[in-house]
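J.: Need coordinates for the below:
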Amino acid sequence: MSPKIVEPEIEQTGDSQIKPVSRFTRWYRSPLFNVIIVGLISFTQPGIWNALNNVGAGGQQEPYLVNGANSLTFGIMVFGCSIFAILANKFGLKNVIILGTLGYAPYSASLYVNNRYGTEWFVLVGGVTCGIAASALWASEGAIALGYADVHNRGKFTGIWLGLRELGQLIGSSIQLSLNYKSGQRGKVGYTTYIVLIALQCLGLPLALLVSPPHKVYHRDGRKIPDPTKNKAVMKEVQRWWALLRDRRFFLLIPVMVGFNWNNTYQGIYLTKYFSVRARTLGSLASGIAATGANIFWGWFYDTTFVSRPMLAKVTWCVFSVLMLALFGWQIANEKLYGEANPRVTLDWDLPGFGRGFAVNVLFRFMNESHYMFVYWILGAFFDDIETLTLAVGLLRSFESVGSCLSFGIGAAKINPMVNLIVAVVMFCITIPSTFAATLLVPERPIDERKALSSDESVTVEEDKVIDEGVGAALRRDSL
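T.: Residues are numbered from 1 along each chain as shown. Now for the predicted structure:
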């Protein structure tokens with residue numbers, strides 16, 4: 001029996017020359033490698049931001065300045081995410097994601113300066129740089145995670161991307177806890193915490209240089225994506241963006257984008273008002289573990305085949321709705337108990353009753369991350385081509401930023417925490433019917449809008465040809 005000869009994979013170049021593709025190139029250009037790189041970028045940027053934010057108020061003693069800066073950040077992102085999504089289709093996802101790694105570290109540095117020296121204006125400047133960078137990063141990373149993956153792997157790839165992002169919170173929170181575990185009182189975290197986290201954020205830029213453009217990615221089935229930046233006019237992309245905004249599939253998701261995460265601001269206030277420093281850092285670590293668990297579970301679950309995608313969408317949202325309403329009921333009971341306590345409550349892990357107040361915060365973090373997985377999976381179920389996904393992700397993050405901007409704006413005002421919590425409950429209730437209506441539109445397989453448009457145009461051409469032939473035949477009969 002003759003030995004089997006394995007032919008090397010080849011690449012067709014623009015000048016019709018054929019060259020072999022090495023194993024390293026296939027690995028380096030693979031969808032999996034690129035999603036891992038995007039996940040590591042997310043780990044160094046929003047992952048570290050989350051580590052600071054989930055310890056409560058960026059680690060500060062009072063939440064109001066940081067909430068104001070966060071409101072400024074998300075206010076910029078309301079417009080920035082969609083703008084950078086349009087620009088990504090013109091100038092390339094890689095260029096946009098590189099820009100997205102440049103603004104997080106200045107924000108963390110501003111928290112360090114405020115923590116150590118009391119400087120406040122720098123925190124607001126950091127909020128601006130973070131808003132610009134986050135707009136670019138949020139518009140590009142989700143498009144890469146969804147668009148580079150094959151349809152049957154989108155759940156797992158989204159889980160890898162968001163799971164690696166949570167690695168930032170896990171490492172950052174572990175550092176925070178190791179530096180602050182002796183502080184059993186309320187207050188702010190030590191300023192040395194920020195130095196390590198800023199160093200980690202500086203790794204984002206070199207990682208972004210490793211991302212491959214979509215048209216250079218190698219898929220196992222041989223599928224090749226045309227260069228999305230070829231022959232792209234900005235105004236044409238704006239028209240596509242506007243058409244997507246009016247698409248019923250996307251329009252029904254707007255409430256859940258705006259309202260689901262509204263509770264994040266309250267959770268920051270809750271931690272700063274009622275927990276000791278070391279309990280807050282433990283809460284950030286536990287929240288990161290919970291979010292990672294959500295990424296792993298839903299990443300596997302959404303790619304299962306034992307139930308259809310339409311049924312999976314409807315059942316998942318019904319379960320989410322029931323669990324979130326139960327958590328809100330638990331949190332309202334806690335807020336009433338702690339808010340009316342005299343003397344003032346300071347929950348620490350060696351005090352009785354700590355578990356009741358601590359667990360609900362961790363469970364909220366699990367559900368918030370589950371919501372991210374759900375919304376991205378829904379988008380991946382609706383659309384297939386990378387250009388549409390880029391615009392859809394940018395729009396998604398814009399509306400998500402609307403909710404975050406408004407919620408952090410309310411958090412920056414010194415209103416009663418119970419009022420903040422009730423607003424979060426109302427905002428979530430508004431999302432329930434429209435999101436369920438969106439799940440009714442989920443297909444078994446996503447639609448490639450680019451191919452659908454091309455097929456429509458070809459059908460029109462074919463119809464015109466048939467009509468022309470019919471008219472010509474009729475004229476010939478008349479002439480006879």
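
J.: Low-confidence regions, this structure specifically.
T.: 1-21, 53-64, 176, 179-191, 193, 222, 226-228, 230-232, 447-480 (pLDDT under 70).

J.: If we use 50, what do you get?
T.: 1-10, 12-18, 56-61, 185-187, 453, 455-480 (pLDDT under 50).

J.: How are the strands of it distributed by residue range?
T.: Remark: strands assigned in the chain by DSSP state E are 10-12, 18-20.

J.: hmm, who's touching stretch 257-271?
T.: By CB atoms under 8 Å, 6 or more residues apart in numbering, the surrounding residues in contact with stretch 257-271 are 53-57, 63, 66-67, 70, 280, 283, 328, 331, 335, 361, 364-365, 368, 371, 375, 396, 399-400, 402-404, 406-408, 410-411, 417, 420-421, 423-424, 427-428, 430-431. To be clear about C-beta, it is placed using only N, CA and C from the backbone, and glycine gets the same treatment.

J.: hmm, 6 Å instead?
T.: For stretch 257-271, contacts defined as CB atoms under 6 Å, 6 or more residues apart in numbering pick out 56-57, 63, 280, 283, 361, 364, 368, 371, 396, 399-400, 402-403, 407-408, 411, 417, 420-421, 424, 427-428, 430-431.

J.: Show the buried residues in those.
T.: 56-57, 63, 280, 283, 361, 364, 368, 371, 396, 399-400, 402-403, 407-408, 411, 417, 420-421, 424, 427-428, 431 (16 or more other CB atoms under 10 Å).

J.: circling back: show me the contacts of stretch 257-271 that map onto helices.
T.: Using DSSP state H, 280, 283, 361, 364, 368, 371, 396, 399-400, 402-403, 407-408, 411, 417, 420-421, 424, 427-428, 430-431 are the members of the contacts of stretch 257-271 that sit in helices.

J.: Stretch 22-42 spans what distance, first to last residue?
T.: This stretch, stretch 22-42, spans 29 Å end to end (CA to CA, to the nearest Å).

J.: mind listing what's buried in that stretch?
T.: For stretch 22-42, by 16+ other CB under 10 Å, it's 29-31, 33-42.

J.: Please report the distance of the nearest residue to residue 27 once chain neighbours are set aside from residue 213.
T.: Spatial nearest neighbour of residue 27, excluding adjacent residues (CB to CB, 6 or more residues apart in numbering): residue 33 at 6.0 Å. Going from residue 33 to residue 213 by CB to CB, to the nearest Å gives 14 Å.

J.: about what we covered before: can you put the buried residues of stretch 22-42 in a markdown table and add distance to residue 315?
T.: As requested, the buried residues of stretch 22-42 are arranged in a markdown table below (distance: CB to CB, whole Å):
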| residue | distance to residue 315 |
| --- | --- |
| 29 | 37 |
| 30 | 33 |
| 31 | 28 |
| 33 | 33 |
| 34 | 31 |
| 35 | 27 |
| 36 | 30 |
| 37 | 33 |
| 38 | 29 |
| 39 | 28 |
| 40 | 33 |
| 41 | 33 |
| 42 | 28 |
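
J.: from these, which ones fall inside helices?
T.: 31, 33-42.

J.: Tabulate the residues you listed (JSON lines), appending distance to residue 146.
T.: Listed next are these as JSON lines, based on distance: CB to CB, whole Å:
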{"residue": "31", "distance to residue 146": "10"}
{"residue": "33", "distance to residue 146": "16"}
{"residue": "34", "distance to residue 146": "12"}
{"residue": "35", "distance to residue 146": "9"}
{"residue": "36", "distance to residue 146": "15"}
{"residue": "37", "distance to residue 146": "15"}
{"residue": "38", "distance to residue 146": "11"}
{"residue": "39", "distance to residue 146": "13"}
{"residue": "40", "distance to residue 146": "17"}
{"residue": "41", "distance to residue 146": "16"}
{"residue": "42", "distance to residue 146": "14"}
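
J.: Which one of these is nearest to residue 444?
T.: Lowest distance from residue 444 to those (CB to CB) belongs to residue 31, with 21.8 Å.

J.: Contacts only, for that closest one.
T.: Contacts of residue 31 (CB under 6 Å, 6+ apart): 148-149, 217.

J.: Run a quick neighbour tally on residue 264.
T.: Number of residues near residue 264 (other CB atoms under 10 Å) recorded here: 21.

J.: Quick one: the helices in the stretch 251-400 of the chain, in order.
T.: Using DSSP state H, counting those that start in this stretch, the helices of the stretch 251-400 of the chain run over residues 254-259, 263-274, 277-301, 309-339, 354-382, 386-412.

J.: Among these, which comes closest to residue 79?
T.: The nearest among the helices of the stretch 251-400 of the chain, by CB to CB, is helix 386-412 at 7.0 Å.

J.: Report the inter-axis angle for that closest one versus helix 263-274.
T.: 30 degrees (axes from the mean of the first three to the mean of the last three CA atoms, to 10 degrees).

J.: so can I have a markdown table of the helices of the stretch 251-400 of the chain showing distance to residue 443?
T.: Shown next, in a markdown table, are these (distance: least, CB to CB, whole Å):
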| stretch | distance to residue 443 |
| --- | --- |
| helix 254-259 | 19 |
| helix 263-274 | 31 |
| helix 277-301 | 19 |
| helix 309-339 | 7 |
| helix 354-382 | 7 |
| helix 386-412 | 14 |
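
J.: between the ones you listed, which gets nearest to residue 81?
T.: helix 386-412 (3.9 Å).

J.: Any chance you could list what contacts stretch 197-210?
T.: Residues contacting stretch 197-210 (CB under 6 Å, 6+ apart): 37, 40-41, 44-45, 48, 97-98, 101, 104-105, 108-109, 172.

J.: export those to a markdown table and tack on distance to residue 118?
T.: Output for these, formatted as a markdown table (distance: CB to CB, whole Å):
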| residue | distance to residue 118 |
| --- | --- |
| 37 | 38 |
| 40 | 34 |
| 41 | 32 |
| 44 | 28 |
| 45 | 26 |
| 48 | 23 |
| 97 | 35 |
| 98 | 34 |
| 101 | 29 |
| 104 | 22 |
| 105 | 21 |
| 108 | 17 |
| 109 | 15 |
| 172 | 23 |
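
J.: circling back: quick one: which of the contacts of residue 31 is most hemmed in?
T.: Going by other CB under 10 Å, residue 148 tops those with 26 neighbours.

J.: measure the residue lying closest to that residue once chain neighbours are set aside to residue 24 for me?
T.: Spatially, and ignoring its direct neighbours in sequence, residue 148 is nearest to residue 31 (4.2 Å; CB to CB, 6+ apart). Taking CB to CB as the criterion, residue 31 is separated from residue 24 by 16 Å.

J.: and residue 423, how many neighbours does it have?
T.: 19.

J.: my bad, residue 350
T.: Around residue 350 there are 9 other residues, counting by other CB under 10 Å.

J.: quick one: it and residue 419, what's the gap?
T.: From residue 350 across to residue 419, the span is 32 Å (CB to CB).

J.: do residue 22 as well
T.: 61 Å.

J.: repeat for residue 246
T.: On the measure of CB to CB, residue 246 and residue 419 end up 35 Å apart.

J.: Between these two, point out the one with more neighbours.
T.: residue 419 (12 against 8).

J.: For residue 92, what are phi and psi?
T.: Recorded main-chain torsions at residue 92 are phi 110, psi 140, according to degrees, to the nearest 10.

J.: Just give me the neighbour total for it.
T.: Counted with other CB under 10 Å, the neighbours of residue 92 add up to 20.
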